[in-house]
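*Asks:* could you work out the structure for the sequence below:
(chains A and B)
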Amino acid sequence: MVIERPWKRWVYFYIPLTLFIIGTLFPFYWMLITAIRPDAELYRSWRAVNNAPFWTLHPTLEHFRDLFEKTTFPYWLWNTFFIAVVSTGISLFCGLLAGYALARLKFPMAGTLGTSIFVTYLVPPTLLFIPLADIIRNFQLGNTPWALILTYPTFLIPFCTWLLMGYFKTIPKELEECARIDGATRFGAMTRIIFPIAVPGILSAGIFAFTLSWNEFIYALVFLSSPERKTVPVGVVSEMIRGDIYFWGQLMAGALLGSIPVALVYSFFVEYYVTGLTGSVKG
Amino acid sequence: MAQVLMKDLNKKYDEVHAVKDVNLHVRDKEFVVLVGPSGCGKSTTLRMVAGLEEITAGEIAIGDRVVNDLPPKDRDIAMVFQNYALYPHMTVYDNMAFGLKMRKFPKAEIQKRVRDAAEILGIQDLLKRKPRQLSGGQRQRVAVGRAIVRHPQVFLFDEPLSNLDAKLRVQMRVELKRLHDRLETTAIYVTHDQVEAMTLGDRVVVMKDGWIQQVGEPMELYTRPANRFVAGFIGSPAMNFVDVTIQGDGNLTAQGTGLRLGIPPSLAGQLGPYKGQRVTLGVRPEDLRLATGADQAPFVFDAVVDVVEPLGSEILLDVKAGPNSLVARVEPTVRLKVHDAVRLAVNPERLHFFDTTSEKAI
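*Replies:* From the prediction side, this is the model:
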């Protein structure tokens, strides 16, 4: 019998876990504390007497007020939200149909097609934005939300397709066959039987797509230029750093507000998300 | 009127020729079982009838209609799958009602049919549950219920009992048989279990490597197997096979290494042409017994006990006669130990002979 020694548990479990949690959560804590710290404290020298970099005794909401009153931050929030929702919707729709087709239908070159869709996901956006910028300019979509709504699916659709294809493959084929014998067409079996069962997979693909487009930086930076049209990640960085002056308080307040929707989405759907990625359906 | 006719049915995948020239006439209200080892093409045949596999060549007719190009939903069939295939996101009631809803039946009719089917199967109390809250046997019942509410022309069963434990399987087997007697609907049933095939089928179709080996009533397959494969597949424990040479002039004998048996006059006619040639002798374990003083010389042989398998109601004796291993089914009262010498008698009227090369029955 193996005797579990307490020190082993500390060495292999508690201490690494604690370090990991601190490492993960510290940036968020830093973001929060900076956002509510008054300017006087923010720009004080580190060597000043009574300097307390890890907490503040005078919390303030002035940075948030400035953010909403002196910048176009509310527009950025709305832009980000609108773009993320629409591009997620488009990508989910295409991903559902493509994923189903690749998982279930037999057609020539199905395997090759699946792989090549995945390969497009691997092309880095830092390369892809150059040709895309040309296309956007030709269609005169520059500086409109559609520039992003139509480019985000270039990486979201492959991702959704692959995730959903994997999920559909875990659903027993017989369910569909039975539905088809019961009187459904293939499309009917897909929408009435397979999609409802695949809800965890669809949700996790949706959440992931939403997060990816919410946080996307490079396309948003390149394709949008007017301040009121920007998204949160780009706006915060480009409008809160003026010249070489960092408005740390507003920067962090903007980052904090920008990360809240994503955190909310994850916390609501975390269970679906896990089953969606690990895939488990019992007939 | 719902006969099923299969004419020169063939199925080819890229490399594999799964079903070869299957011709079968399933009569109205008949219960036909397709049986064979895995990969013999029985499931593929059934799936072609269902419309889930395309037909490479040949024709399938259900009733008077050729259904080759009809989608599954228009064939008026119902199928029960091995893994039940219940829709996990629907209640039992909705599972059973699904097919009727798709066919736009009025709500009252759906309700009535589901209740009736639930009553027949004894699952009235489960209608509000989800499939994951049911045991294996209950799920199987729901799957059967989902098939019978539709009152289809033909039932298709694809190994429906294989996922159940042994005891439940026997129970469900009896229920299925009773259900068929009551509903009088044509049924095609696929299984790899020869006991299921024998007990359920009005007729049994034995398949191997895509070919039909024999079609017949259960007892016909047992007493008059068409070839060595059917003889070995039907019956448990399996038939014993011994290579022998046909010898003699007036009275023929079968001479094998370590054993010599007489051939009864009733078989002498067919075996005459094989004089001097090697054939395969087949004898079922239940046609072997311990010899008594009354047994005559040419129909007994000596052997040594190799293994004793007491089953309670009977004992299986694995014996060695020369190099040949044979199994005999004997009374549970017999007291024998390993290495004991025994004298066994055969029932001469129930010996089988097979051509060694073609494996066909002689």
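
*Asks:* pretty sure residue B:344 belongs to a strand, no?
*Replies:* Yes - counting by DSSP: H, G, I helix; E, B strand; the rest coil, residue B:344 is located in a strand.

*Asks:* hang on, it packs against residue B:287?
*Replies:* No - contact criterion Cβ atoms under 8 Å: residue B:344 and residue B:287 do not qualify, at 10.1 Å. Glycine gets a C-beta too; all of them are placed from N, C-alpha and C.

*Asks:* which one's more surrounded, these two?
*Replies:* Counted by other Cβ atoms under 10 Å in any protein chain shown, residue B:344 and residue B:287 do not tie: residue B:344 has more neighbours, with 22 against 19.

*Asks:* how about the more buried one: what's its closest non-neighbour residue?
*Replies:* Using Cβ to Cβ, 6 or more residues apart in numbering or on different chains and skipping residues adjacent in sequence, the residue nearest residue B:344 is residue B:288, 5.2 Å away.

*Asks:* run through the stretch 251-362 of chain B and note the low-pLDDT ranges.
*Replies:* Low-confidence segments of the stretch 251-362 of chain B, defined by pLDDT under 70, are absent.

*Asks:* now do the strands in it.
*Replies:* If you assign secondary structure with DSSP state E, counting those that start in this stretch, the strands in the stretch 251-362 of chain B sit at B:253-256, B:259-262, B:278-283, B:288-290, B:300-310, B:315-321, B:324-330, B:341-346, B:352-355.

*Asks:* show me what contacts residue A:198?
*Replies:* Residue A:198 sits next to A:164, A:167, A:168, A:171 when contact means Cβ atoms under 8 Å, 6 or more residues apart in numbering or on different chains.

*Asks:* kindly reformat those as JSON lines containing pLDDT, distance to residue A:222 and secondary structure.
*Replies:* Shown next, in JSON lines, are the contacts of residue A:198 (pLDDT from 0 to 100; distance: Cβ to Cβ, whole Å; DSSP: H, G, I helix; E, B strand; the rest coil):
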{"residue": "A:164", "pLDDT": "92", "distance to residue A:222": "29", "secondary structure": "helix"}
{"residue": "A:167", "pLDDT": "89", "distance to residue A:222": "33", "secondary structure": "helix"}
{"residue": "A:168", "pLDDT": "92", "distance to residue A:222": "35", "secondary structure": "helix"}
{"residue": "A:171", "pLDDT": "90", "distance to residue A:222": "40", "secondary structure": "coil"}
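
*Asks:* quick check: the gap between residue B:194 and residue B:203.
*Replies:* Here the criterion is Cβ to Cβ, to the nearest Å. By it, residue B:194 lies 14 Å from residue B:203.

*Asks:* and residue B:151, by the same measure?
*Replies:* Computed as Cβ to Cβ, the residue B:151 to residue B:203 distance reads 23 Å.

*Asks:* of the two, who's got more company?
*Replies:* Counting neighbours by other Cβ under 10 Å for residue B:151 and for residue B:203 shows that residue B:203 has the greater number, 19 against 13.

*Asks:* ok, now which ones touch the residue lying closest to the more buried one once chain neighbours are set aside?
*Replies:* Nearest residue to residue B:203, sequence neighbours excluded (Cβ to Cβ, 6+ apart): residue B:32, at 5.2 Å. By Cβ under 8 Å, 6+ apart, residue B:32 lies in contact with B:24, B:26, B:187, B:188, B:189, B:201, B:202, B:203, B:204, B:205.

*Asks:* beta partners of the second one?
*Replies:* Put plainly, it is residue B:26. Beta-bridge pairing of residue B:26 under DSSP bridges involves residue B:4.

*Asks:* which bits of chain A sit near chain B?
*Replies:* Taking Cβ under 8 Å from any Cβ of the partner chain as the contact definition, chain A meets chain B at A:172, A:174-175, A:177-185, A:188, A:193, A:196-197, A:281-283.

*Asks:* what segments of chain B are helices?
*Replies:* Assigned by DSSP state H, the helices in chain B fall at B:42-50, B:92-102, B:107-121, B:136-148, B:166-183, B:194-200, B:218-223, B:228-233, B:265-271.

*Asks:* ok, which of the ones you listed comes nearest chain A?
*Replies:* helix B:92-102 (3.4 Å; Cβ to the nearest Cβ).

*Asks:* so how far is residue B:319 from the residue lying closest to residue B:338 once chain neighbours are set aside?
*Replies:* Nearest non-adjacent residue to residue B:338, counting by Cβ to Cβ, 6+ apart: residue B:305, 5.6 Å away. Distance, residue B:305 to residue B:319, by Cβ to Cβ: 6 Å.

*Asks:* quick one: contacts for the residue nearest to residue B:196 when sequence neighbours are not counted?
*Replies:* Nearest residue to residue B:196 in three dimensions, chain neighbours excluded: residue B:173, at 6.0 Å (Cβ to Cβ, 6+ apart). By Cβ under 8 Å, 6+ apart, residue B:173 lies in contact with B:161, B:196, B:199, B:200.

*Asks:* coming back round to it: could you check the pLDDT of the residue nearest to residue B:203?
*Replies:* With respect to pLDDT, residue B:32 has a value of 95.
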